[in-house]
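# My questions are about this predicted structure, shown below with the sequence.
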Amino acid sequence: MDSQIGMPDNLAKLKSDGFLLVPQAIDSATVAEWKAILYNMYGRGEYEIKNGVGNVAFEKLLALQPDLAKQLIGHTSVAPYLKAVLGKQCQLRSLRAHVNPSGYTQEWHMDFYDYYYQQEKAGTDSPAIALCMNTTFYLTDNSPERGRLTFVKGYMDRPVPAELRPYLRYTEDRNDPFQRWCDEQALEHLYPKAGDAVLFYSHIPHQGAKYGQDPADDMRANIVLHYQQNPMYPGVSFVSDPQFTLSTLGYMGTFPFAG
Ligand SMILES: O=C(O)CCC(=O)C(=O)O
Ligand SMILES: [Fe+2]
């Protein structure tokens, strides 16, 4: 798809909603290639994380599949938005793929939990404030029957209530206060199809889900690329760690738009 079509309207929507569905971001051959890779790796147990909410994560793909993985960095389908929002300071933080082998209701979370607490965490009166974005490429179809990606509405420019801060963490307890609070808010469900990308600010609350069992050759899967504006020093709480990316690509290799 021509990534410039509708760009000004889409950018305005991204900035106000905090998220944007980009249809047909990657072609079906690329989708099929990634699915085969991830399903085989899953079959061999070659993943880094398998958690209690139904997510299995692969964190080493920049090294294991360098050519395919690099095609997703600053991908043309999302590049205009990343450039507009993060500019040349846009740095790849991490690339992580997921499969959901069985039922899956993700913990409500923000990938960038510390977004609103950066001044405090930096310990300075003159902090440089970082903004982070996710680009999540879907490899299988979501639909009201099969699964979804859901956002809490209206959380682009305001923190969640202060009393929930201690509960901004991974949990499998659906009754944990932040989990319950998200369930009670106005929500927007997206149903990205195979090949679609969803671009969103890393600090807004979201949750993926899948119902029941998928066909064996169509297990729910996605690939998430996290981008950060510096300074993202090691004390900042974020769902992923940048060190593997830095070691694999080198510092210069992590800035798709800096040159
Ligand atoms: O669709 C999903 O499973 C959720 C993905 C997610 O948490 C993310 O892209 O950051
Ligand atoms: Fe996430």
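Sure thing, it's come through. Ligands and ions are numbered 1, 2, ... in the order given.
# which residue does the stretch 51-200 of the chain bring closest to ligand 1?
Residue of the stretch 51-200 of the chain nearest ligand 1, by Cβ to the nearest ligand atom: residue 136 (3.6 Å). Every residue, glycine included, has its C-beta placed from N, CA and C.
# Would you check how far apart that residue and residue 177 are?
Distance of residue 136 to residue 177, computed by Cβ to Cβ, to the nearest Å: 26 Å.
# Now for the residue of the stretch 51-200 of the chain closest to ligand 1: which residues touch it?
By Cβ atoms under 8 Å, 6 or more residues apart in numbering, the residues touching residue 136 are 149, 192, 197-200, 222-225.
# I'd like to know how far it sits from residue 104.
Applying Cβ to Cβ to residue 136 and residue 104 gives a distance of 14 Å.
# likewise residue 128?
36 Å.
# With residue 151 instead?
Taking Cβ to Cβ, one finds residue 151 at 17 Å from residue 104.
# Just want to know which of the two has more residues nearby.
Neighbours were tallied for residue 151 and for residue 104 using other Cβ atoms under 10 Å; the higher tally belongs to residue 151 (24 against 20).
# SS state for that one?
Secondary structure for residue 151, judged by DSSP: H, G, I helix; E, B strand; the rest coil, is strand.
# wouldn't it be in contact with residue 185 here?
No: applying Cβ atoms under 8 Å, one finds residue 151 not in contact with residue 185, separated by 9.6 Å.
# Within range of ligand 1, give me the residues from the stretch 1-150 of the chain.
Counting by Cβ under 6 Å from any ligand atom, the residues of the stretch 1-150 of the chain close to ligand 1 are 98, 106, 111, 134, 136, 149.
# Who are the contact partners of residue 257?
Residue 257 touches 74, 79, 82-83, 86-88, 90, counting by Cβ under 8 Å, 6+ apart.
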